[in-house]
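In: coords below, sequence missing:
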């Protein structure tokens, strides 16, 4: 279901107004009532309206799993196809302000996570988040953006070329505190 943000105005009132007895006891009836409240006007998005769809070939080429972070950034900077150049430039500009170490860790999270079930992804991400507070650039980013507001973070690695594979691997081999969520019964 796609919902325009404008249709979220009044959502609480529409949800409160649902007549659950009229929706019926079936799950299908209740889901239908919830959908009708969430999106009172159907929203159809055409292929031309999906901004990433237009650049999907470039996204797939630049963010190829075989490419390391350094190569991804270099390739974005060299995009010469007029159909994708603006997107590549904008993407590169956005990434330029991010921590190279944490971009490499994020890339690794995505690569590992695509072969895991949801519970294992949550366990992995929990350990990575804990490690990023102690050894990542999270606190430095908070300092630069919110505390000092100087917008000049001193990242552990200043460029993608300075990120070492061992630094990234440490996020995945660190021992996390006990998993706080009870695993569901098998």
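Out: Perfect, I can see it now. Since the model is a prediction, treat every value here as computed from it, not as a measurement. Numbers count the residues shown, from 1 in each chain.
In: can you tell me the SS state at residue 151?
Out: With DSSP: H, G, I helix; E, B strand; the rest coil as the basis, residue 151 sits in coil.
In: quick one, phi psi at it?
Out: When quoted as degrees, to the nearest 10, the phi and psi of residue 151 stand at phi 50, psi 30.
In: swap in the one 3 residues further on?
Out: Residue 154 adopts backbone torsions of phi -100, psi 80, taken as degrees, to the nearest 10.
In: tally of neighbours for it?
Out: 10 (other CB atoms under 10 Å). To be clear about C-beta, it is placed using only N, CA and C from the backbone, and glycine gets the same treatment.
In: name the element the nearest residue to it once chain neighbours are set aside belongs to?
Out: Here the nearest residue to residue 154 in space, its sequence neighbours aside, is residue 140; by CB to CB, 6 or more residues apart in numbering that works out to 6.1 Å. When elements are assigned from DSSP states H and E, residue 140 belongs to helix 138-142.
In: quick check: buried residues in that helix?
Out: The neighbour-count criterion (16 or more other CB atoms under 10 Å) identifies 140, 141 as the buried residues of helix 138-142.
In: so what does the lengthiest helix in the chain touch, helix or strand wise?
Out: With residue count as the measure and DSSP state H as the assignment, the chain has helix 118-135 as its longest helix. Counting contacts by 3 or more CB pairs under 8 Å, 6 or more residues apart in numbering; DSSP states H and E, helix 118-135 packs against helix 100-113, helix 165-173.
In: now find how far off-centre it is within its chain.
Out: 14 Å (CA atoms, centre = their mean, to the nearest Å).
In: what mean pLDDT does it get?
Out: Averaged across helix 118-135, pLDDT comes to 88.
In: that one versus helix 100-113: what angle between them?
Out: Between the axes of helix 118-135 and helix 100-113, defined by axes from the mean of the first three to the mean of the last three CA atoms, to 10 degrees, the angle is 160 degrees.
In: this completes my enquiry, with thanks.
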